[in-house]
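1. coords please:
(3 chains)
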Amino acid sequence: MQTETRTDTRTEAQQQQAHCHYVLRLADTSLVLGQRLAEWIGHAPALEEDLALANLSLDLIGQARLLLTYAGELEGQGRDEDALAFLRDAPEFLNLALAEQPNGDFAHTIVRQWLIDAWQLEIYGALEHSSDTRLAAIAAKAIRETRYHYRFSSGWLVRLGDGTAESRQRTQRALDDLWRFTAELFAPDGIDERMSRAGIGASLPELASRWSARVEEDLRAATLTRPATQPFPWHGKRGVHTEHLGHLLGEMQHLQRSYPGARW
Amino acid sequence: MYTQALDTHGKEAAGGAEADPQVARFQARIDAEEKIEPKDFMPEAYRQTLIRQISQHAHSEIVGMLPEGNWITRAPSLKRKAVLIAKVQDEGGHGMYLYSAAETLGISRAQMFEQLLSGAAKYSSIFNYPTLTWADVGAIGWLVDGAAIMNQIPICRCSYGPYARAMVRICKEESFHQRQGFEIMLTLTQGTYAQRTMAQDALNRWWWPSLMMFGPSDADSKHTAQSMRWKIKRFSNDELRQKFIDITVPQAHFLGLTIPDDELHWDEASQHYHVGPIDWSEFYAVLKGNGPCNRERLEARQRAHEAGRWVREAAAAHAERERIRSMQRASGVAA
Amino acid sequence: MTESDWPLFEVFIRSRSGLEHKHVGSLHAADARMAVEHARDVYTRRQEGVSLWVVRSADIVASDPEEADALFEPARDKVYRHPSFYAIPAEVKNL
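-> Take a look at the predicted model:
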């Protein structure tokens, strides 16, 4: 009897932790991507693009705040959105490795954005029907933003791919550079499967083909070539990142780390 | 938002033209508080003064995105980060409203941008100062936005319609900018010793440049009278500066901060705060291009513009190709 | 079109159902789709929009202020278009 109770408690705890990590993955992806976009503000190709990128950044940070707050509650250790954003080190971040890739030129930023927007369309679309009503509500709000983001990024993908010779060259280059990070997008692991079985999380294999079809169509319109599939050694979802995340966090977390305990 | 009283008059002949009946009618409309719209008759000097003033105001907003933008990636909380992004985004938007108002006067955005990037155009000198700590973000919101609002509200009633309407829009959006700055300062002064010191240090560096935003005393400006007659300028530099001082000093006292001016005192007779002498040589040096960050600010914008050239070209090329394709589709020709 | 002159578009916004579209300003964009997105980003940051129109500035036909007399003066003569021209007894309601 006692053994069963201990197992139940441990299973429950594991489930709770998986749930928390599942939400953190979404939160961290939005946070890291939002931070990357914020780096562009004041330096974009045109004033109108400064505003557009700032708008995307704001939306993503907003998503991150809602998701981080929820993850903190699921964790149950009293960590709020800022404690999670500013006081975790890189191995504890669970964002997609694609999100932390540097901005590079505008083509890199647009390709990165478009790949993640298409991914978020599928994920948030599925999560709107999650049995976790809090998560479903966040997804319902987020997907409206993502539709606009996708319109922006896919529009630019086509303009750049089917623009000048230089812009096509740069965009194909960006695609070739970033493609290997897409392997992580729909590769399910233990947490994904656990959450999917519980009706909380999205079933990745189902969404993968839809994402792929959409990506193919956009690439055709942009006159770009889909790169060959490559194996992928990093797993941002499990806290195994590229070297870029450390620098991003160093900059982002600097003030809170320098003045521990201060209120801002 | 970042208006500064800059000398916007040029070499066009302004005086003596009242003999012309068209000019007299124009002045009569202004005296009657009518709005001048883009296609109405206006003296060339009026048009050029406005082009300079509006474009300088627009440039100030654009360059103004940089000192605060400097702290977006390092904002110390997610809420502060979001608010700062929104503020800087607003500034960009304000620049756009103003460029669009200036374009109604016959100058293009490309020309104005060229003037900014080449260093030919002036912009508010306050943005040539560096933002060295997080407290600077608070000080800018509190002091610089505060000064700008004071400069800006009267312009909502200026004689040129598009400029006045842009300013009304801008003033409506300003309200949270100054409050967020003051709130940052309040949080710091209620925080740790290190934070309070940070706040005082920021005030020390931003106080005098903020007073200089109102421009030199009108006694030293020969063009104030003409701008007042044209209802482009509605209050004198000194009047606005004094109003700003009287409002801001008590706010500093509330924060528990010390204004960096040994001669600052309340004058019972005039019912105003009196400040010590302003070092106008610093102002002119910064205006001439020798401020701490003039070079960096312009270079940042130049680099962004250059780096973005291939992007803008691509968009234009794609749009042209699409236009041809749709024409071919319409006329039944295979694309 | 060169890179430095994406065409100018005028922006009109209807902020609430029941109201008409109002001119709010202008912006530059390479194509109409971009113009709508830019208009949304610049002019509706505080949710001030239910409907957006963007029109190339070059396509707008405006009346000439010089002709204001010819265009609008005759209308001022036609008093019978204004309700005040007609004398209705006070006892008659709803007119």
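2. CA only for contacts and neighbour counts going forward, please
-> Fine.
3. near chain C, anything from stretch B:174-193?
-> No. Counting by Cα under 8 Å from any Cα of the partner chain, no contacts exist between stretch B:174-193 and chain C, the nearest distance being 12.2 Å.
4. does chain B sit close to stretch A:105-122?
-> Yes. Under the criterion of Cα under 8 Å from any Cα, chain B is reached by stretch A:105-122 at A:Phe106.
5. on the three-state scheme, the residue of the stretch 101-250 of chain A found nearest chain B is what?
-> The nearest approach of the stretch 101-250 of chain A to chain B comes at A:Gly163, 4.3 Å away (Cα to the nearest Cα). For A:Gly163, the assignment made with DSSP: H, G, I helix; E, B strand; the rest coil gives coil.
6. list the contacts for it?
-> B:313-318 (Cα atoms under 8 Å, 6 or more residues apart in numbering or on different chains).
7. now, which of these sits nearest B:Arg329?
-> B:His318 (16.3 Å; Cα to Cα).
8. before we move on, the earlier item: so the residue of the stretch 101-250 of chain A closest to chain B versus C:His38, what's the distance?
-> Distance, A:Gly163 to C:His38, using Cα to Cα, to the nearest Å: 19 Å.
9. what residues are up against the residue in the stretch 201-335 of chain B that chain A sits nearest to?
-> Residue nearest to chain A within the stretch 201-335 of chain B: B:Gly308 (3.8 Å; Cα to the nearest Cα). With contact taken as Cα under 8 Å, 6+ apart, B:Gly308 is in contact with A:44-46, A:106.
10. helices of chain A, start to end?
-> A:2-38, A:47-75, A:81-87, A:97-100, A:106-127, A:133-161, A:165-178, A:190-197, A:204-221, A:244-258 (DSSP state H).
11. point out the most buried one among the ones you listed.
-> Burial of the helices of chain A is given as mean neighbour count (mean count of other Cα atoms under 10 Å in any protein chain shown); helix A:97-100 ranks first at a mean of 26.
12. can you list contacts of it?
-> Defining contact as Cα under 8 Å, 6+ apart, one finds that helix A:97-100 is touched by A:29-30, A:32-33, A:36, A:112, A:116, A:178, A:181-182, A:234-237, A:241-242, A:244-245, A:248.
13. quick one: stretch B:285-299 near chain A?
-> No. Counting by Cα under 8 Å from any Cα, no contacts exist between stretch B:285-299 and chain A, the nearest distance being 10.2 Å.
14. how far off centre is the host helix or strand of B:Glu322?
-> Under the criterion of DSSP states H and E, B:Glu322 resides in helix B:309-330. The chain centre lies 35 Å from the centre of helix B:309-330; the measure is Cα atoms, centre = their mean, to the nearest Å.
15. and the residue of chain B found nearest chain C, what's its pLDDT?
-> Nearest residue of chain B to chain C (Cα to the nearest Cα) works out as B:Glu313 at 4.4 Å. B:Glu313 carries a pLDDT value of 95.
16. check the gap between it and A:Arg168 for me.
-> B:Glu313 is 12 Å from A:Arg168, where distance means Cα to Cα.
17. check which element follows whichever strand or helix holds B:Gln48 along the chain.
-> Here B:Gln48, judged by DSSP H and E, is contained in helix B:44-69. As assigned by DSSP H and E, the chain's next helix or strand after helix B:44-69 is helix B:78-103.
18. so what angle separates the directions of that following helix and helix A:244-258?
-> Angle of helix B:78-103 versus helix A:244-258, following axes from the mean of the first three to the mean of the last three Cα atoms, to 10 degrees, is 110 degrees.
19. which other helices and strands contact helix B:78-103?
-> In terms of contacts (3 or more Cα pairs under 8 Å, 6 or more residues apart in numbering or on different chains; DSSP states H and E), helix B:78-103 is packed against helix A:47-75, helix A:81-87, helix B:44-69, helix B:109-117, helix B:161-189, strand C:22-28, helix C:32-43.
20. whichever helix or strand comes after the last one: partners in the sheet, and parallel or antiparallel?
-> Read it as helix C:32-43. Going down the chain from helix C:32-43, the next helix or strand is strand C:51-56, by DSSP H and E. Using DSSP bridges, the strands paired with strand C:51-56 in its sheet are strand C:8-14 (antiparallel).
21. I'd like the average pLDDT over the strand it pairs with.
-> In this model, strand C:8-14 has an average pLDDT of 93.
22. would you mark the buried spots in stretch B:28-47?
-> B:30, B:35-38, B:42-43, B:45-47 (16 or more other Cα atoms under 10 Å in any protein chain shown).
23. distance of the nearest residue to B:Lys87 once chain neighbours are set aside from B:Gly138?
-> Distances taken as Cα to Cα, 6 or more residues apart in numbering or on different chains place B:His177 nearest to B:Lys87, at 6.4 Å, with adjacent residues excluded. Distance, B:His177 to B:Gly138, by Cα to Cα: 10 Å.
24. and for B:Arg74?
-> Between B:Arg74 and B:Gly138 the computed distance is 14 Å (Cα to Cα).
25. higher neighbour count, these two?
-> B:Gly138 (27 against 22; other Cα atoms under 10 Å in any protein chain shown).
26. secondary structure element holding the more buried one?
-> helix B:134-139.
27. that helix vs chain A: in contact?
-> No. Judged by Cα under 8 Å from any Cα, helix B:134-139 and chain A are separated, with a smallest distance of 8.5 Å.
28. just the pLDDT at the residue of the stretch 101-250 of chain A closest to chain B, thanks.
-> According to the predicted model, the pLDDT of A:Gly163 comes to 96.
29. where does chain C have low pLDDT?
-> When residues are selected by pLDDT under 70, those of chain C lie in C:1-5, C:48-49, C:65-88, C:92-94.
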